[in-house]
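> Curious how this folds, go ahead:
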Amino acid sequence: MASKFTKFLSRTGVCLLAGMVICAAYLLLNGHLFASATPKQMILERQNARLIDKIEYISQKSQHQAMRLSELEMRDNRVYRPIFGMDEIPTAVRNAGFGAPERYAFLEQFANADFLYETLRKQEIIEKKAYIQSKSYDDVEKVATRVEDMARFIPTLMPVCPGPQINITSPFGYRLHPVFQSVIFHSGTDIAGPRGTPIYAAADGVVTDVRVNYAGYGNVIDIDHDFGYSTRYGHLESTNVVRGQVIHRGDQIATMGSSGRATGPHLHYEVLYHDNQVNPWNYFDKNIDPKTYMTLVTPASKIAR
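Presented below is the predicted three-dimensional model:
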């Protein structure tokens, strides 16, 4: 009886063990099947991986494009626009209209939302900056087509014939004022010479003012040269032009004196660009000799009124 019972337990144990093994195998296999992606999911995952790779490539290309665009912007502001007397485009203008993260809220439903947001934002910034740069080149091109005419209006002719008796006694910038004996900004260039030395227009233009300022520049002439340029001539002894008169480069407009607040005969000469004083020295043709200079000027006696 015991032997039969032992055999029964033995058979029962073997069956139970076999059942457990079969059950464990089933659960393991079934769990693996449920954990595995369906064929459709696997296709979508591969497509998603390829898209992420493409977006990363676009992001890298955007970085390269941004660097090239920055170089073009710098060259435009520092080379092309200054050549033609054009103001640079401020950084605030080039960077206007960026931000507004709410415009990209639709990306929040996707995985890798932050990465997608940064990539899209970079691309939109590049497109906006490229548009501004393109418009700038259009403006430069328009001015360049008028460069021959423009050259006549840029004040490059020194207003006094160079020579041994002509000296620049006070340059543009801060200086010790000869009368007040204090450091004051000097808005022009002082050119000293003998009283009565002829003063010539630095470029083509129209006389906008002829006035007397006893407490300052004395007898003064202002000339508008177009393209944003104007010039001012102070401490004159006499003037040969009137307001509204059209003059040409090299026309004699006055003679040197010491009218107004001056310690001796000299010309106070200013160049203004869009109403801001700039350094006249940057515009002078410094290599011109007296003989060549005199072929470019017209004495007051020969100027038609």
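
> Give me the pLDDT for the closest residue in space to Tyr233 that isn't next to it in sequence.
Leaving aside its chain neighbours, Tyr233 sits nearest to Ile221 (4.6 Å; criterion: Cβ to Cβ, 6 or more residues apart in numbering). To be clear about C-beta, it is placed using only N, CA and C from the backbone, and glycine gets the same treatment. Confidence at Ile221, expressed as pLDDT, is 98.

> cool, and Asn279?
With respect to pLDDT, Asn279 has a value of 87.

> Would you confirm that it contacts Phe172?
Yes: using Cβ atoms under 8 Å, Asn279 is in contact with Phe172, at 4.2 Å.

> And the strands in the stretch 51-200 of the chain?
167-170, 173-176, 183-186, 189-192, 198-200 (DSSP state E, counting those that start in this stretch).

> then the fourth one to PDB, C-alphas only?
I take that to be strand 189-192. Extracted C-alpha coordinates of strand 189-192, given in PDB (Å, rounded to 0.1, in the frame of the first residue of the first chain):
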ATOM      1  CA  THR A 189      39.100 120.500 -37.700                       C
ATOM      2  CA  ASP A 190      40.800 123.800 -37.400                       C
ATOM      3  CA  ILE A 191      43.000 124.700 -40.400                       C
ATOM      4  CA  ALA A 192      45.200 127.800 -39.800                       C
END
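
> Which strands or helices does it pack on?
Secondary-structure packing of strand 189-192 (3 or more Cβ pairs under 8 Å, 6 or more residues apart in numbering; DSSP states H and E): strand 167-170, strand 266-273.

> Return the distance of it from the chain's centre.
33 Å (Cα atoms, centre = their mean, to the nearest Å).

> one step back: joint contacts of Asn279 and Phe172?
Thr189 (Cβ atoms under 8 Å, 6 or more residues apart in numbering).

> more neighbours, the two?
Each of Asn279 and Phe172 has its neighbours counted (other Cβ atoms under 10 Å); Phe172 has more, 21 against 15.

> Just list the residues touching that one, thanks.
Each residue near Phe172 by Cβ under 8 Å, 6+ apart is listed here: His186, Ser187, Gly188, Thr189, Gln277, Val278, Asn279, Pro280, Trp281.

> Can you find the helix or strand in the protein with the smallest mean pLDDT?
helix 2-35 (a mean of 43; mean pLDDT, DSSP states H and E).

> And for stretch 294-305, what's in contact with it?
For stretch 294-305, contacts defined as Cβ under 8 Å, 6+ apart pick out 157, 161, 198, 200, 240, 245, 247-253.

> Which parts of stretch 160-175 count as buried, going by neighbours?
Of the residues in stretch 160-175, Val160, Cys161, Pro162, Ile166, Ile168, Ser170, Phe172 count as buried by neighbour count, 16 or more other Cβ atoms under 10 Å.

> Who are the contact partners of Ala192?
Shown in contact with Ala192 (Cβ under 8 Å, 6+ apart): Ile166, Asn167, Ile168, Thr169, Gly264, Pro265, His266, Leu267.

> er, Val271 I mean
By Cβ under 8 Å, 6+ apart, the neighbours of Val271 are Pro155, Gly188, Ala202, Tyr229, Ser230, Thr231, Gln277, Val278, Asn279, Pro280, Tyr283.

> these two touch, right, the fourth one and Tyr273?
Yes: under the contact definition of Cβ under 8 Å, Tyr229 touches Tyr273, with a separation of 5.9 Å.

> Do you know the pLDDT at Gly260?
At Gly260, the pLDDT value in this model is 89.

> Which residue of Tyr229 and Tyr273 possesses the greater neighbour count?
A count of neighbours by other Cβ under 10 Å puts Tyr229 above the other of Tyr229 and Tyr273, at 22 against 17.

> Can you tell me who the more buried one pairs with across the strands?
Applying DSSP bridges to Tyr229 gives these bridge partners: Asp226, Tyr273.
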